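**Student:** no sequence for this one, just the structure:
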Ligand code: AMP
Ligand code: TRP
């Protein structure tokens, strides 16, 4: 049986990359699979979060799921810290994962920056908690953007070592689901950096709650080169900004990059940008409006999170019990 799990950090500024790389795919999977979608608040606090903002950002992630079309009756939507089994399994995984494995994690290196000595221990152990998120449900498939591939490989390594150490088949080996034409959306200001929530420039990203004017302004300012749109996808190579905008268009229109080029080859970006703006406004407008409506009265969002946590706990509890027995803890 397949089971889907994925998570988004409630760290504000949810953007086009989060939507095209992850959330949109969550919606597409829910008709065919049992899906569990989480606001990973324990991951968020691996770097400093203001408590008041964290609370509202958790609701924002849930609202983004709902507004994008995740159906809370079919899928489970909840906040990570409300299901204690994540933290329990993470500790056990901290004792399975090897320091050498974590030392190779590129996201830690990027986030810790030059001052590694001052990074939190939680930031270092982040991938082990992520493995626990997934495996506490014995999930088999994980829809994410390209940047999470290495963490999912580590999840497989942890599952495999646990199974081998204890001579069991407790955990499945998870498969990443990385699909669509925009699995790695780049910054609008710099085609060599990925679009991120933490970029100091608001012009680097389009957020889910940007209105038509903001979308238009940001795309107008988006960096491009002086060449027109090429005829062949290969000719986008070495043109990161051009490739990024074409990829975003393709993903939003649900067509291939080749189809976008067939339609727009020879145009200058000054002509392409208004078409992209129109498309982005058409796709994002309703999502942003619905998110704002949901967040104006968080009672409904909170009730979805509570119901989700109850359903998630019911799946996780027998698994954590089985794991504790396997490890040799006395389970009462
Ligand atoms: P995060 O913002 O790190 O919590 O990421 C939440 C989800 O969005 C993960 O599945 C990421 O892989 C995905 N994601 C984040 N940034 C991007 C991006 N620039 N392009 C595509 N996917 C992304
Ligand atoms: N690390 C992911 C990110 O930053 C978020 C995350 C935490 C996650 N736990 C997860 C994603 C489990 C998929 C499955 O994007």
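**Tutor:** Noted; the coordinates are in hand. These numbers were taken from a predicted model, which means no experiment stands behind them. Ligands and ions are numbered 1, 2, ... in the order given.
**Student:** pLDDT below threshold where in the stretch 1-150 of the chain?
**Tutor:** For the stretch 1-150 of the chain, not a single residue meets the criterion pLDDT under 70.
**Student:** mind listing the helices for it?
**Tutor:** Counting by DSSP state H, counting those that start in this stretch, residue ranges of the helices within the stretch 1-150 of the chain are 16-18, 24-29, 41-44, 51-68, 85-94, 99-103, 106-112, 121-135, 149-166.
**Student:** can the second one be found next to ligand 1?
**Tutor:** No: no part of helix 24-29 sits near ligand 1 under the criterion Cβ under 6 Å from any ligand atom; the closest distance found is 8.7 Å. Any C-beta I mention is one placed from the backbone N, CA and C, and that applies to glycine too.
**Student:** buried ones in that helix?
**Tutor:** Along helix 24-29, these residues count as buried under the neighbour rule (16 or more other Cβ atoms under 10 Å): 24, 25, 26, 27, 29.
**Student:** so what's the fourth one closest to, chain neighbours aside?
**Tutor:** Which is residue 27. residue 69 (4.2 Å; Cβ to Cβ, 6 or more residues apart in numbering).
**Student:** any residues of the stretch 1-150 of the chain in contact with ligand 2? List them.
**Tutor:** Along the stretch 1-150 of the chain, the residues adjacent to ligand 2 under the rule Cβ under 6 Å from any ligand atom are 5, 6, 7, 9, 40, 43, 130, 133, 134, 142, 144, 148.
**Student:** can you list the helices of the stretch 1-150 of the chain in a markdown table and add distance to residue 287?
**Tutor:** Written out in a markdown table, the entries for the helices of the stretch 1-150 of the chain read as follows (distance: least, Cβ to Cβ, whole Å):
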| stretch | distance to residue 287 |
| --- | --- |
| helix 16-18 | 11 |
| helix 24-29 | 10 |
| helix 41-44 | 22 |
| helix 51-68 | 5 |
| helix 85-94 | 28 |
| helix 99-103 | 36 |
| helix 106-112 | 27 |
| helix 121-135 | 25 |
| helix 149-166 | 26 |
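**Student:** looking at those, which is buried most?
**Tutor:** Ranked by mean neighbour count, these are led by helix 16-18 with a mean of 24 (mean count of other Cβ atoms under 10 Å).
**Student:** off-centre distance for that helix?
**Tutor:** Chain-centre distance of helix 16-18: 8 Å, with Cα atoms, centre = their mean, to the nearest Å.
**Student:** and stretch 259-273, by the same measure?
**Tutor:** Stretch 259-273 sits 29 Å away from the centroid of its parent chain (Cα atoms, centre = their mean).
**Student:** show me the strands in this structure, by range?
**Tutor:** With DSSP state E as the criterion, the chain has strands at 3-8, 34-39, 76-79, 141-143, 175-177.
**Student:** so for the third one, what gets flagged as buried?
**Tutor:** Read that as strand 76-79. 76, 77, 78, 79.
**Student:** measure the third one to residue 198 for me?
**Tutor:** Shown here: residue 78 relative to residue 198, a distance of 24 Å by Cβ to Cβ, to the nearest Å.
**Student:** equivalent analysis for the second one, please.
**Tutor:** Between residue 77 and residue 198 the distance, using Cβ to Cβ, works out to 24 Å.
**Student:** now do the last one
**Tutor:** Distance, residue 79 to residue 198, using Cβ to Cβ: 21 Å.
**Student:** out of the residues of the stretch 1-150 of the chain next to ligand 2, which are close to ligand 1?
**Tutor:** Checked against ligand 1 using Cβ under 6 Å from any ligand atom, those yield the following neighbours: 9, 144, 148.
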